[in-house]
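model the structure of this input:
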Amino acid sequence: MSSRSVSGYDVLAKSLAERYESLSFSDVHAWLLPFLPESGGTALDVGAGSGRDAQGLLERGFDVVAVEPSAGMRQEGKKRHPDPAILWVDDALPGLDQLLRQGLSFDFILLSAVWMHVSPEDRPRAFRKLLSLMKPGAVLAMTIRQGPSEPDRPMYESSPAELEKLASMHGVTILHQSMEPDRLGRSGVSWMHVAMKFPDDGTGALPLLRHVILKSDKSSTYKLGLLRSVARIADSAGGMVAIENDERVSIPLGLVGLFWIRLYKPLLSAGLPQTPTNRGTRGLGFIGDAWHHLNLSPLDLRPGMRFSGKTAHALHQTIQDAVDTIIRMPAHYMTYPGTDNPIFKIRKNRSGWISDQLLLEESYFRSFGEMLVPLPLWNALSRYDAWIEPALQTEWMRLMQGYLDRQGVEKNPREMIQAMQWSDPRRDVSTVRQIAQTFLEKKPLFCVWSGKKLTRETIDIDHCFPWAAWPCDDLWNLLPTNGKVNRNKSDKLPSSRLLFDASERMMEWWRSAYTSGENALFRNRFYIEAGGTLVVKDDRFPVQKDPELSLEQIFEALSFKRLSLKVDQGLEEWDGPR
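Numbers count the residues shown, from 1 in each chain. I've put the predicted structure just below:
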């Protein structure tokens, strides 16, 4: 959508909102009601305007994301439809880059009075972006204005033939086409209605993953190691990933190297071979002198950790050795079927880090370069990691067992299974509990979920997102609560309304415990963890300039993560203490 169109909506936001709200969702969209998924699910309203349609979808059982590029219209929408279950995003076609970073997919997408604002040259790109956000079997519905353009909001002609062509190019089925006169009675204005269905993911990402995991030639476990490293980043470090363009995302190469080390360290400690001839650490390209001086556990190898002296230098060199091997071997030889074209492209840069202090954060990771991952593949890894990960582990263990058999070495299968497990942090809230206990001695502290005053006897520390579903001991995820309330919550996911009700208490806790305290270590750790794990708007948030805004942005990113966990894992929701 052009900046001129957006500014036109900004200027007329209030009057336009009143016009839109004069008609109900059912009146305007009666034609599409038969095509709405009966079981609800996730819905995306692109160009949400006054929020009327987002509210209508919410009332029909959907979790709703509302995209609106006009600040004036977003303000009107939030004021008229303040339900916290509607998540608003400042974004626009044809890019939708901010939304794509969230890794969400949708059962239903609505473009009401939007497509005519997308220029003809941008429409193929916009259509591809919409399809990349759709689940298999999802429905895309459009209402498109026909007739004269408004002087302050440029519009472009659209025809059924144009949409039919786009649909046929991507294997999309047209379910419905119709025309309707303008319900506001404007002369010369009518509306074209189109509904389409996406039969599958349409990208080839899952067959490509199946090819790499099961069919491609492997002289070592390196291809699986690289693919699993990227999958783990998709699952736990999406905040460090940037949308490169319509076709790919950019991952910091040093982060890939760190996760590679974290995967291989327990396997080599268990004496499991990674090539047909590998024994111990001999014969592996990423093992240099620095590896043998790296006295760290896999749990130490995660973003936000800080090292100094010899340990810092050993870790930096080990990451560099891993990156060099990844570039030279799996990234080079992991190609599309029947071609020599690499799936992962590399922008190489040899890190110039020279210091006795090493902080594992994004700028350091990017100093090694970038790995470019195809967007459909990234979306598949983000959404289906729970199914992809077991396939990767099974094939990796099959290869290792074959190497052991050739070498005549016997290993207990349990040892192999244990070494293959991803090393999540141990559930440890002791540091945050100590902060909270110290806090209680200075001023009142309240349960984030119930709002009740806490005492040394009643206080507990809760994982906002249940540990059983998503192990994460980041500071932003650990919240003071009443012990009885925490037991009632158990492994449930806080509902959108409960999260909204708790928002001020959560941000006050973050502010008091971490961001405004004297301990810079906690402050830095809080922002690094939040920026690395959550997808915060615009990649960077102004930590130094405006901490208050930063906490609001972090809470917004947390709300999107909540929706992602609900959609991807089907977690039971909790509406709060009774």
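
I'd like the next helix or strand past the strand or helix carrying Y527.
Assigning secondary structure by DSSP states H and E places Y527 in helix 520-533. Using DSSP H and E, the next helix or strand after helix 520-533 towards the C-terminus is helix 547-569.

sheet-wise, list the partners of the following helix or strand past that following helix with their directions.
Remark: after helix 547-569, the chain's next helix or strand is strand 573-574, criterion DSSP H and E. According to DSSP bridges, strand 573-574 has the following sheet partners: strand 493-494 (parallel).

show me which positions of whichever helix or strand comes after the strand it pairs with end up buried.
Where DSSP H and E defines the elements, the next helix or strand beyond strand 493-494 is helix 496-510. By 16 or more other CB atoms under 10 Å, the buried positions in helix 496-510 come out as S496, L498, L499, F500, D501, A502, S503, R505, M506, M507, W509, W510. Every residue, glycine included, has its C-beta placed from N, CA and C.

closest to F465 out of the residues you listed?
Distances from F465 to the buried residues of helix 496-510, taken as CB to CB, are shortest for L499 (10.3 Å).

quick one: residues contacting that closest one.
Taking CB atoms under 8 Å, 6 or more residues apart in numbering, we find L499 in contact with P84, L558, S559, R562.

farthest from the middle of the chain: give me that residue.
Going by CA atoms, centre = their mean, the residue of the chain most distant from its centre is S187, 44.6 Å out.

tell me the SS of that residue?
Secondary structure for S187, judged by DSSP: H, G, I helix; E, B strand; the rest coil, is coil.

state the distance from it to E150.
Counting by CB to CB, to the nearest Å, the gap from S187 to E150 is 13 Å.

pull up the overlap in contacts between the two.
The contact sets of S187 and E150 do not overlap (CB under 8 Å, 6+ apart).

which elements pack onto the helix holding Y527?
Applying 3 or more CB pairs under 8 Å, 6 or more residues apart in numbering; DSSP states H and E, we find helix 520-533 packed against helix 547-569.

the helix it packs on: which residues count as buried?
Those buried within helix 547-569 under the rule 16+ other CB under 10 Å are 547, 550-551, 553-568.

equivalent analysis for stretch 213-220, please.
I213, S216, K218, S220.

can you pull the contacts of the closest residue to the second one other than its chain neighbours?
Closest residue in space to S216, ignoring its immediate chain neighbours: K223 at 6.5 Å, by CB to CB, 6 or more residues apart in numbering. Contacts were defined as CB under 8 Å, 6+ apart; by that measure K223 touches V212, S216, P330, Y333, M334.

measure the second one to M371 for me?
In other words, S216. 18 Å.

ditto for the last one
Here the criterion is CB to CB. By it, M334 lies 11 Å from M371.

quick one, which of these two is more surrounded?
Comparing M334 with M371 by other CB atoms under 10 Å, the one with more neighbours is M371, at 29 against 19.

list the strands paired with the helix or strand hosting the more buried one, with their directions.
Under the criterion of DSSP H and E, M371 resides in strand 369-374. According to DSSP bridges, strand 369-374 forms sheet pairs with strand 248-252 (antiparallel), strand 345-348 (antiparallel).

just checking, what packs against whichever helix or strand comes after that strand?
Proceeding N to C from strand 369-374, the next assigned helix or strand is helix 375-407, under DSSP H and E. Packing partners of helix 375-407 (3+ CB pairs under 8 Å, 6+ apart): helix 123-132, helix 205-210, helix 222-236, strand 248-252, helix 413-420, helix 547-569.

how about these in CSV, adding distance to D107 and mean pLDDT?
Putting the helices and strands packed on helix 375-407 into CSV (distance: least, CB to CB, whole Å; pLDDT from 0 to 100) gives the following:
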stretch, distance to D107, mean pLDDT
helix 123-132, 13, 93
helix 205-210, 18, 83
helix 222-236, 21, 95
strand 248-252, 23, 94
helix 413-420, 34, 92
helix 547-569, 9, 85
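
got JSON lines for these, with distance to D53 too?
Formatted as JSON lines, the helices and strands packed on helix 375-407 follow (distance: least, CB to CB, whole Å):
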{"stretch": "helix 123-132", "distance to D53": "16"}
{"stretch": "helix 205-210", "distance to D53": "30"}
{"stretch": "helix 222-236", "distance to D53": "31"}
{"stretch": "strand 248-252", "distance to D53": "29"}
{"stretch": "helix 413-420", "distance to D53": "47"}
{"stretch": "helix 547-569", "distance to D53": "18"}
